[in-house]
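Asker: Sequence first, then the predicted structure, then my questions.
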Amino acid sequence: MIRLENISKVIGHRSILRKVDLYIQQGEWLGIIGQNGAGKTTLLKIIAQLSRSTGGRILYREQPLDDGSVLKKEIGVVLEASFLYSHLTVIENLEFYGKLYDVDHLRERIMEVLELLGLEHARKQIFCTLSKGMKQRVSIARAILHQPRILLLDEPFDGLDEDTLMSVKRLFTDLHKKRTTILMVSHALEDIWELCGRVAVLHEGEIIHEYVTALEPLDAIRRKYCRVTAGG
Ligand SMILES: Nc1ncnc2c1ncn2[C@@H]1O[C@H](COP(=O)(O)OP(=O)(O)OP(=O)(O)O)[C@@H](O)[C@H]1O
């Protein structure tokens with residue numbers, strides 16, 4: 001569905017990503033792991049067309065992406081900088097985004113995602129006054145509002161309490177069952193192993209391993225992963 005060919009990113013004199021090749025199949029749930037600074041967020045931003053690569057290309061359904069508009073509409077993104085306006089309420093933020101994406105029956109859809117994320121009671125609260133976990137819920141609500149075919153998730157469970165974590169995992173699992181393609185960056189290997197079918201390890205801007213989670217026990221990977229990222 002999405003093919004990355006030789007994707008590179010150089011900032012100043014630093015190579016952040018080095019010739020990354022990656023294929024993401026339709027309906028797949030792919031995890032990306034790696035140490036701090038490995039380039040995971042940079043890679044996600046390039047796929048989301050929020051940042052430009054300095055080399056290589058992205059193919060979507062085997063067609064090169066020249067301007068990202070086709071893909072942009074099909075993608076929902078959860079990133080730390082969550083594209084939400086601090087001084088708008090939760091519902092105003094969702095209305096703004098929903099109009100931008102021409103969401104049908106916007107009012108009903110907003111009520112649906114508010115309920116899915118347990119945000120009904122906070123809907124009139126100003127975004128910047130929310131707790132970290134509540135902000136993360138709004139960020140997820142925004143990402144799924146237009147029912148994207150692809151979800152790009154950067155540490156999506158950050159800040160969520162145990163109950164919300166379970167319900168958000170269920171929500172993503174349901175979307176995945178409905179053939180949503182998911183690319184998820186996380187430091188929580190347990191979550192990655194529980195949810196993702198395949199995992200790519202990014203190290204200093206390069207994909208150095210790919211694993212099928214069903215075939216590799218997490219403990220073995222934890223040992224290997226630590227060795228690999230420690231350079232051994
Ligand atoms: N705009 C920028 N200018 C300069 N350097 C940048 C910029 N954006 C990212 N970097 C650098 O690129 C490298 C990769 O950053 P990135 O955020 O992609 O890493 P990451 O794997 O997501 O890390 P973490 O696990 O800490 O979130 C880091 O060394 C970072 O400092």
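Answerer: Nice, I can see it.
Asker: And the strands in the protein?
Answerer: 2-11, 14-24, 29-33, 55-60, 63-64, 75-78, 150-154, 181-185, 198-203, 206-212 (DSSP state E).
Asker: Is it possible to get TSV of these that adds mean neighbour count, distance to the ligand and mean pLDDT?
Answerer: Any C-beta I mention is one placed from the backbone N, CA and C, and that applies to glycine too. Below are those laid out as TSV (neighbours: other Cβ atoms under 10 Å; distance: least, Cβ to the nearest ligand atom, whole Å; pLDDT from 0 to 100):
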stretch	mean neighbour count	distance to the ligand	mean pLDDT
strand 2-11	18	4	96
strand 14-24	18	4	96
strand 29-33	24	8	97
strand 55-60	16	15	92
strand 63-64	10	24	82
strand 75-78	24	13	95
strand 150-154	23	7	97
strand 181-185	24	7	97
strand 198-203	21	7	95
strand 206-212	16	12	94
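Asker: okay, the ones you listed in a markdown table with distance to Ile46 next?
Answerer: Below are the strands of the chain laid out as a markdown table (distance: least, Cβ to Cβ, whole Å):
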| stretch | distance to Ile46 |
| --- | --- |
| strand 2-11 | 6 |
| strand 14-24 | 7 |
| strand 29-33 | 12 |
| strand 55-60 | 7 |
| strand 63-64 | 14 |
| strand 75-78 | 12 |
| strand 150-154 | 10 |
| strand 181-185 | 12 |
| strand 198-203 | 12 |
| strand 206-212 | 14 |
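Asker: Now do the contacts for the closest residue to Asn93 other than its chain neighbours.
Answerer: Spatial nearest neighbour of Asn93, chain neighbours left out: Leu84 (4.9 Å); criterion: Cβ to Cβ, 6 or more residues apart in numbering. Contacts for Leu84 were tallied using Cβ atoms under 8 Å, 6 or more residues apart in numbering; they are 93, 127, 135, 138-139, 142.
Asker: Which phi and psi values does Leu84 adopt?
Answerer: Leu84 has phi and psi values of phi -110, psi 140 when expressed as degrees, to the nearest 10.
Asker: Repeat that for the one 4 residues further on.
Answerer: Per-residue torsions, Leu88: phi -100, psi 160 (degrees, to the nearest 10).
Asker: quick one: it from the ligand, how far?
Answerer: 26 Å (Cβ to the nearest ligand atom, to the nearest Å).
Asker: Repeat that for Leu71.
Answerer: Using Cβ to the nearest ligand atom, Leu71 is found at 20 Å from the ligand.
Asker: tell me, how many neighbours does that residue end up with?
Answerer: By other Cβ atoms under 10 Å, the residues close to Leu71 number 20.
Asker: and the gap between it and Ile33?
Answerer: Separation of Leu71 from Ile33 (Cβ to Cβ, to the nearest Å): 24 Å.
Asker: Contact residues of the protein facing the ligand?
Answerer: Within reach of the ligand by Cβ under 6 Å from any ligand atom, the chain has these residues: 11, 16, 34, 36-42.
Asker: Now distance to Gln147 too, for those residues, in JSON lines please.
Answerer: Shown next, in JSON lines, are these (distance: Cβ to Cβ, whole Å):
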{"residue": "Ile11", "distance to Gln147": "34"}
{"residue": "Ile16", "distance to Gln147": "32"}
{"residue": "Gly34", "distance to Gln147": "30"}
{"residue": "Asn36", "distance to Gln147": "33"}
{"residue": "Gly37", "distance to Gln147": "34"}
{"residue": "Ala38", "distance to Gln147": "31"}
{"residue": "Gly39", "distance to Gln147": "29"}
{"residue": "Lys40", "distance to Gln147": "25"}
{"residue": "Thr41", "distance to Gln147": "24"}
{"residue": "Thr42", "distance to Gln147": "27"}
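Asker: All good on my end, thank you.
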